[in-house]
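Trainee: Would you be able to build a 3D model of this:
(one chain, ligands or ions: 1)
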Amino acid sequence: MATENQRQPSKLEKPINGKRLLFFSLPLQGHMTPMLQLADILHSKGFSITFIHTKYNSPNPSNYPHFTFQPISDDLSEAETSGLSVFDLAYLINVKCVAPFRDCLDQLFSDSPEERPFAGLISDPALHFTREVAKSFQLQRFVLRTSGVGAFRAFSSFPLLQEKGYLPIQDSQLEELVAELPPLRVKDLPVINVPDLEKFYKLIASLIEEAKTSSGVIFNSFEELENSAIDALHEGFPAPIFPIGPFHKYFPATSSSFLKPDESSISWLDKQEPKSVIYVSFGSIAAVEEKEFLEIAWGLANSKCRFLWVIRPGSVNGLDWHEALPKGFLDMLDGRGHIVKWASQLEVLAHPAVGAFWTHNGWNSTLESISEGVPMICMPCFADQMVNARYVTYSWKVGVELRNGLERKNIERAIRRLMVEEEGEEIRKRALDLKEKAKSTLTQSGASFKSLESLISCLSSS
Ligand code: UDX
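Mentor: Model (predicted):
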């Protein structure tokens, strides 16, 4: 919800380098976090920031006193948003926010004495109405794509994948390699389980079009990690590409969580041995069935390893929280496990006690894990997570896959491979190598550093 202290931009602050930028994010955690981080990075380079946002899932302005926040009406009732899939939500916002977004720009432009008050707009390509609106204000538009480049490339290949018969996915083809998109197999393609596949394909096509017609696509990724996907995307893609991540490593990130992190996660980790804990979290959207939830619980318990488990309220279908856990489950563990509703994930992953991350491979989680050198147990649930998991396990070899049947035996096995067996040691070494690359890409000779410089020069030249 919007709060009282949101600053109204009736008088725009004077930008330090004469350049002011507009931002507009999809109001979901995995999109809002990197958008705010990007705004922070560009603010540190001298740009002034005006952050437009819906009232639904609005950021907390008091965490960003150096930005100007501009809420717009989204006309989304609680009844409409509760239980809505991400894709239905994106669809609704694309219908309901067009006029409020246009009105907002109208007001911002008329409030400014300058003819061209903004150097550009950086929006989420899933908000595909921003293209026409930006055009009508002659506003240069960049997009921040919050997935990895590999996943974006797979999305942009949907027409080809349909033509070649890979999509819609047939069960008989799951293990087949997609020759046009190595290293992906058919089962790694970024689809979701929705009743109306055509609507999903259309939304993806709009997202890609939105990116292609932009002045540049910004990625929270880095060349040293995704060089082959980046090279392949460059071929024939009409817009410049700016991989400038990992965003959260430029400087200590400000909290952008919609939920309050439970501080006991860190105090509990402080009491554990180095590399002894598996951190378990499936991001802000993914949900599991009750049966799977119980397999996870028993898999963790039977592994005999220590674990910090984020069970987000509502992340088990049909339940409020973790009421399906067997009575006395936590007591039986004798302190080996700690459960919270939300954690400060960046702090958790950087904690010396954490030895592995059991993740759904959302792109933010994947990159955050890579940046701390933490090996992963990969349990992708939908969309780009499938692609990310393939890169983690097959290309970068910094994780193990947990895909075929979520059963306690498979879970125990995956945990042992990482936490106990020699294979885990090898994986950990590679993860530490990648961590170094994630660090050095931001230094003066690194690819992200250079890419950020060219982005700044594009933004400054309008
Ligand atoms: C989604 C998609 O899955 C992702 O792939 C896409 O590119 C962006 O939107 P989500 O499923 O929430 O996001 O996963 P992820 O991308 O991993 O983002 C979750 C964010 O929440 C991460 O930045 C993570 O640090 C944060 N988080 C998660 C917490 O701070 N605390 C928690 O307890 C769990």
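
Trainee: Tell me the spacing between the closest residue to residue 343 other than its chain neighbours and residue 283.
Mentor: Residue nearest to residue 343 in three dimensions, not counting chain neighbours: residue 265, with 4.1 Å by Cβ to Cβ, 6 or more residues apart in numbering. C-betas here are computed from N, CA, C, even on glycine. Residue 265 sits 16 Å away from residue 283, taking Cβ to Cβ, to the nearest Å as the criterion.

Trainee: quick one: average pLDDT of the helix or strand the residue nearest to residue 343 falls within?
Mentor: Taking DSSP states H and E as the definition, one finds residue 265 inside helix 264-270. Confidence for helix 264-270, expressed as mean pLDDT, is 98.

Trainee: Show me what that helix is in contact with.
Mentor: With Cβ atoms under 8 Å, 6 or more residues apart in numbering as the contact definition, helix 264-270 has outside contacts at 277, 308, 338, 340, 343-344, 347-348, 351, 353-354.

Trainee: Any residue of it touching the ligand?
Mentor: No - using Cβ under 6 Å from any ligand atom, no contact is recorded between helix 264-270 and the ligand, whose separation bottoms out at 8.1 Å.

Trainee: what's the offset of that helix from the middle of its chain?
Mentor: Averaging C-alpha coordinates over helix 264-270 and over its chain gives two centres that are 24 Å apart (Cα atoms, centre = their mean, to the nearest Å).

Trainee: What of stretch 95-114?
Mentor: 28 Å.

Trainee: Pairing partners for the helix or strand containing residue 279, with directions?
Mentor: With elements delineated by DSSP H and E, residue 279 resides in strand 277-281, which encompasses its position. With DSSP bridges as the test, strand 277-281 is paired with strand 306-310 (parallel), strand 354-359 (parallel).

Trainee: can you put those in JSON lines and add mean pLDDT and distance to the ligand?
Mentor: Putting the strands paired with strand 277-281 into JSON lines (pLDDT from 0 to 100; distance: least, Cβ to the nearest ligand atom, whole Å) gives the following:
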{"stretch": "strand 306-310", "mean pLDDT": "98", "distance to the ligand": "4"}
{"stretch": "strand 354-359", "mean pLDDT": "98", "distance to the ligand": "7"}
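
Trainee: taking these together, which one is wrapped up most tightly?
Mentor: With neighbours taken as mean count of other Cβ atoms under 10 Å, the strands paired with strand 277-281 reach their highest mean count in strand 354-359, at a mean of 26.

Trainee: Longest helix of the chain, counting residues only.
Mentor: With DSSP state H applied, the helix covering the greatest number of residues in the chain is identified as helix 422-440.

Trainee: quick check, distance from the next helix or strand after that helix to the centre of its chain.
Mentor: The first helix or strand that comes after helix 422-440 along the chain, using DSSP H and E, is helix 447-460. Using Cα atoms, centre = their mean, we find the averaged C-alpha position of helix 447-460 to lie 22 Å away from the chain's own average C-alpha position.

Trainee: Can you verify residue 338 is assigned to a strand?
Mentor: Yes - remark: residue 338 belongs to a strand, assigned using DSSP: H, G, I helix; E, B strand; the rest coil.

Trainee: tally of neighbours for the residue lying closest to it once chain neighbours are set aside?
Mentor: The spatial neighbour of residue 338 that comes closest, neighbours along the chain excluded (Cβ to Cβ, 6+ apart), is residue 268 at 4.4 Å. Using other Cβ atoms under 10 Å, the number of residues around residue 268 comes to 21.
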